[in-house]
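*Asks:* make a model of this:
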Amino acid sequence: MADVRVPGPRGPMPAYLADPEVVAGERTPGVLVIHDVFGMSDDLRRQADWLASEGYLALAPDFFHFGSKPACIRSVFRDLKERGGRSFAEAEAARTWLAEHQSSNGRVGVIGFCMGGGFALLLAPGHDFKAASVNYGQVPPDADDFLAQACPVVGSFGGRDRALRGAARRLEGALERAGVPHDVKEYPDAGHGFMNGHNSVLMRVAGVLFGVGYHEASATDARRRIVEFFDAYLKAEPPPPGGTGG
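*Replies:* Have a look, this model is predicted:
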């Protein structure tokens with residue numbers, strides 16, 4: 001586990017790299033880990049460490065590295081709205097770095113949480129990722145058309161997430177109609193951010209008022225599904241096209 005700097009379109013991008021324990025000479029898939037609105041955090045590093053423990057070379061860049069956090073947040077959300085810009089160029093630089101890493105098998109997936117979940121979904125079509133894990137991310141209104149050429153998608157949402165009510169159903173429907181392999185599940189007892197273990201005062205207050213925050217049973221099952229999905233599309237030969245159940 002180490003802090004690294006990845007060459008980017010506007011200079012080096014700081015990132016956290018979690019290496020899996022593998023047999024000498026063995027090649028492993030890569031996973032780009034995209035943070036939520038809190039940016040680089042202990043929680044983000046734990047997400048990368050978890051994926052490394054499952055046999056993945058996990059790279060977690062800091063997409064808020066180039067200025068003040070408020071300015072970076074505005075910039076990234078503008079890029080997500082426009083589906084292009086600096087954030088997408090840096091994601092591509094990180095994907096290329098992972099694919100070309102000496103330990104990589106050349107196959108790279110992407111996972112994101114909240115803001116990062118929406119980002120991961122936008123990267124699913126046309127960006128050469130082999131699988132995407134979308135965790136309580138926004139589903140665009142044009143999902144049917146936009147996701148027509150998406151890579152396989154595993155999605156996890158909370159039934160108590162008021163901001164994303166119906167998102168799981170809309171995502172599953174769009175992927176089903178597009179014929180994209182997928183596994184989308186809504187956890188009835190979970191709210192927003194149920195896989196993230198932030199310990200800030202803000203998150204504790206939000207948890208009490210809005211049901212936001214970590215939900216162990218749901219997070220455990222979501223991680224199981226994500227690993228099984230990534231194993232199928234990043235480690236092994238991909239299965240035939242078609243939907244999968246969760």
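*Asks:* C-alpha from now on. contacts and neighbour counts both.
*Replies:* Noted.
*Asks:* just the strands in the chain please.
*Replies:* 2-6, 13-18, 28-34, 57-61, 104-113, 132-135, 153-158, 182-187 (DSSP state E).
*Asks:* please identify the most buried of the ones you listed.
*Replies:* strand 132-135 (a mean of 31; mean count of other CA atoms under 10 Å).
*Asks:* helix or strand with the lowest mean pLDDT in this protein?
*Replies:* One helix or strand of the chain scores below all others by mean pLDDT, DSSP states H and E: helix 201-210, with a mean of 52.
*Asks:* outside of stretch 78-92, which residues touch it?
*Replies:* 8, 9, 13, 63, 76, 119, 122, 127 (CA atoms under 8 Å, 6 or more residues apart in numbering).
*Asks:* residue 86: neighbour count?
*Replies:* 16 (other CA atoms under 10 Å).
*Asks:* gap between it and residue 108?
*Replies:* In this view, residue 86 and residue 108 are 20 Å apart by CA to CA, to the nearest Å.
*Asks:* spatially, what comes nearest to residue 26 if we skip its sequence neighbours?
*Replies:* residue 103 (7.2 Å; CA to CA, 6 or more residues apart in numbering).
*Asks:* from the contacts of stretch 78-92, which two are the most distant?
*Replies:* 13 and 122 (20.6 Å; CA to CA).
*Asks:* hmm, back to that, the strands of the chain into JSON lines, with extra columns for distance to residue 90 and mean pLDDT?
*Replies:* Formatted as JSON lines, the strands of the chain follow (distance: least, CA to CA, whole Å; pLDDT from 0 to 100):
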{"stretch": "strand 2-6", "distance to residue 90": "9", "mean pLDDT": "96"}
{"stretch": "strand 13-18", "distance to residue 90": "8", "mean pLDDT": "98"}
{"stretch": "strand 28-34", "distance to residue 90": "11", "mean pLDDT": "98"}
{"stretch": "strand 57-61", "distance to residue 90": "9", "mean pLDDT": "98"}
{"stretch": "strand 104-113", "distance to residue 90": "13", "mean pLDDT": "97"}
{"stretch": "strand 132-135", "distance to residue 90": "17", "mean pLDDT": "98"}
{"stretch": "strand 153-158", "distance to residue 90": "21", "mean pLDDT": "98"}
{"stretch": "strand 182-187", "distance to residue 90": "26", "mean pLDDT": "98"}
